[in-house]
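# Based on what follows, work out the 3D shape:
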Amino acid sequence: MVSRENRVIAGSFVLFVLAIVGLLALETVTGVAAGEYPLVAFLVVYGLPVVAPQLYLAATGSGDVSPRTRVRFAVAFSGVFALVIVGGADVDWSWSIAFDDLETVQYTLLGAIGIGAFAGLLCYEVLEGYRSSTADTAP
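Numbering: from 1, shown residues only. Predicted coordinates for the structure are as follows:
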């Protein structure tokens, strides 16, 4: 019998394939390539097959892995993936970035997602460490 965790992951992979087929059909009809939009590519390529099942399994609390570990995995790897995409971008970063270019805005949002994911994870871990240390010393 297939475990619930494997069914959720397989279902998210099916959604991923359907999203790719939909994007290819949309590209054929409209002529707009999904590869021109890095934020959409990030959400489809990484969000559906990796983050969505981990967050769903964390919310339902099923499986052998703790929900906290699932959320950590989803946040850490989404931050890494977002920063890898931004690192490979051919964008001229300067202090006077003009946000009139949609591609620059999308790469800036991806950078904010990556940095925000790591900052949020760091703050969460520091807060949890503080809570566990104060719980150990309480009378």
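
# Not counting its own residues, what contacts stretch 66-80?
46-47, 50-51, 54-55, 57-59, 61, 113-118, 120-121 (CB atoms under 8 Å, 6 or more residues apart in numbering). Quick note: C-beta positions are derived from backbone N, CA and C, even for glycine.

# can you check stretch 12-21 too?
Against stretch 12-21 from outside (CB under 8 Å, 6+ apart): 44-45, 48-49, 52-53, 56.

# Check the average confidence over that stretch, would you?
Stretch 12-21 shows a mean pLDDT of 88 in the predicted model.

# host element of the spatially most central residue of the chain?
In the chain, the residue lying closest to the centroid (CA atoms, centre = their mean) is residue 78, at 3.5 Å. In this structure, residue 78 sits in helix 67-87 according to DSSP states H and E.

# Next, the buried residues of that helix.
67, 70-75, 78-79, 81-83, 85-86 (16 or more other CB atoms under 10 Å).

# the inter-axis angle of the lengthiest helix in the chain versus helix 67-87?
Counting residues, the longest helix found in the chain (DSSP state H) is helix 102-137. Angle of helix 102-137 versus helix 67-87, following axes from the mean of the first three to the mean of the last three CA atoms, to 10 degrees, is 150 degrees.

# And helix 102-137, what does it pack against?
Applying 3 or more CB pairs under 8 Å, 6 or more residues apart in numbering; DSSP states H and E, we find helix 102-137 packed against helix 38-42, helix 67-87.

# for those helices, which one sits closest to residue 131?
Closest to residue 131 of the helices and strands packed on helix 102-137, according to CB to CB: helix 67-87, at 12.6 Å.

# Now, of the contacts of stretch 66-80, which are buried?
Here, 16+ other CB under 10 Å leaves 46-47, 50-51, 54-55, 57-58, 113-114, 117-118, 121 buried among the contacts of stretch 66-80.
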